[in-house]
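*Asks:* coords below, sequence missing:
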């Protein structure tokens, strides 16, 4: 883990005040326009949040320089793990700290320190690229996968299965919405969507039927979600940073960076 070279700051789950940073450079696969805006979010957050704690104590304090990450959002140009897809969008360290789950624009992989293994689909007809936006570990080493293609997946025992929104190649054009997750220490699952999670009742009901964790929809439109400095923080595509009340899922405080073109 310590030897991984990357071009991304740790995401909302571990970075304290700098919540999201996606570095884009020549030679990488094309990225949606909202990721370019998120690149600008990071620079503004370093100024707005890193220096304003005295004026705005409602945002969490920065974490120590040395912190053990468990959930990392970023965009790596290279990590020393054999993957068919060189871009990495999310790294999840297992609760036992003995493996990594790695999300990419083309799918997911499990890395045990020796080799990376992709999950199996239930059938060849269901095989499809999964553009990963968020990963979270649930009970029994099940991993919940959220994509930018408006789909939810569960990965367990080497098999990945769609909970909602699967889009096989034969379908053609797929829906577009980002799903993001964060899990609290008491195993509550917070779910955010760029399409506003509380409206996604069909999707959330399908997920609730498959997992044991209590689900709390985050009541803002957001593409990134994580705990920072003991606070639950969301970030939208347009640059709105929100502190979320973990009791209700509602925003307590918002900082609008107004990054819409």
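*Replies:* Good, I have the coordinates. It should be emphasised that the depicted structure is a prediction, and the values quoted were computed from it without experimental measurement.

*Asks:* Show me the helices in this structure, by range?
*Replies:* 33-48, 201-208 (DSSP state H).

*Asks:* ok, and the closest non-adjacent residue to residue 166?
*Replies:* Nearest residue to residue 166 in three dimensions, chain neighbours excluded: residue 151, at 5.8 Å (C-beta to C-beta, 6 or more residues apart in numbering). Every C-beta, even on glycine, is put in place using the N, C-alpha and C of the backbone.

*Asks:* Just give the number of residues close to the one you found.
*Replies:* A count of nearby residues for residue 151, using other C-beta atoms under 10 Å, gives 23.

*Asks:* quick one on the thing from earlier: which stretch in the helices of the chain has the least confidence?
*Replies:* Lowest mean pLDDT within the helices of the chain: helix 33-48, at a mean of 37.

*Asks:* the bottom helix or strand of this structure by mean pLDDT?
*Replies:* When the helices and strands of the chain are scored by mean pLDDT, DSSP states H and E, helix 33-48 comes last with a mean of 37.

*Asks:* which ones are touching the closest residue in space to residue 160 that isn't next to it in sequence?
*Replies:* Leaving aside its chain neighbours, residue 160 sits nearest to residue 119 (3.9 Å; criterion: C-beta to C-beta, 6+ apart). With contacts defined as C-beta atoms under 8 Å, 6 or more residues apart in numbering, the neighbours of residue 119 are 108, 110, 155, 158-160.

*Asks:* at 6 Å instead, please
*Replies:* When contacts are counted by C-beta atoms under 6 Å, 6 or more residues apart in numbering, residue 119 touches 155, 158-160.

*Asks:* Next one: it, what pLDDT does it get?
*Replies:* So, for residue 119, pLDDT stands at 92.

*Asks:* cool, and residue 141?
*Replies:* Predicted confidence (pLDDT) for residue 141: 89.

*Asks:* Can you get me a residue count around it?
*Replies:* 15.

*Asks:* Report the separation between it and residue 197.
*Replies:* Noted for residue 141: a distance of 25 Å to residue 197, by C-beta to C-beta, to the nearest Å.

*Asks:* Let me know the average pLDDT across stretch 144-161.
*Replies:* Per-residue scores along stretch 144-161 average to 94.

*Asks:* Just the terminal-to-terminal distance for that stretch.
*Replies:* Separation of the first and last residues of stretch 144-161 by C-alpha to C-alpha, to the nearest Å is 10 Å.

*Asks:* ok, so of the contacts of residue 119, who is nearest residue 93?
*Replies:* residue 155 (15.3 Å; C-beta to C-beta).

*Asks:* for the residue nearest to the closest one when sequence neighbours are not counted, what are its contacts?
*Replies:* In this structure, residue 155 finds its nearest non-sequential neighbour in residue 143, 4.4 Å apart by C-beta to C-beta, 6+ apart. Neighbouring residues of residue 143 by C-beta under 6 Å, 6+ apart: 101, 135, 137, 155.

*Asks:* Those residues: which two are farthest apart?
*Replies:* Greatest spatial distance in the contacts of residue 143: 137 and 155, 9.9 Å, computed using C-beta to C-beta.

*Asks:* Would you mind measuring from the residue nearest to residue 160 to residue 108?
*Replies:* 6 Å.

*Asks:* again, but for residue 181
*Replies:* With C-beta to C-beta as the criterion, residue 181 and residue 108 are 14 Å apart.

*Asks:* And for residue 95?
*Replies:* 17 Å.

*Asks:* Name the residue in these two with the higher neighbour count.
*Replies:* Counted by other C-beta under 10 Å, residue 95 and residue 108 do not tie: residue 108 has more neighbours, with 25 against 12.
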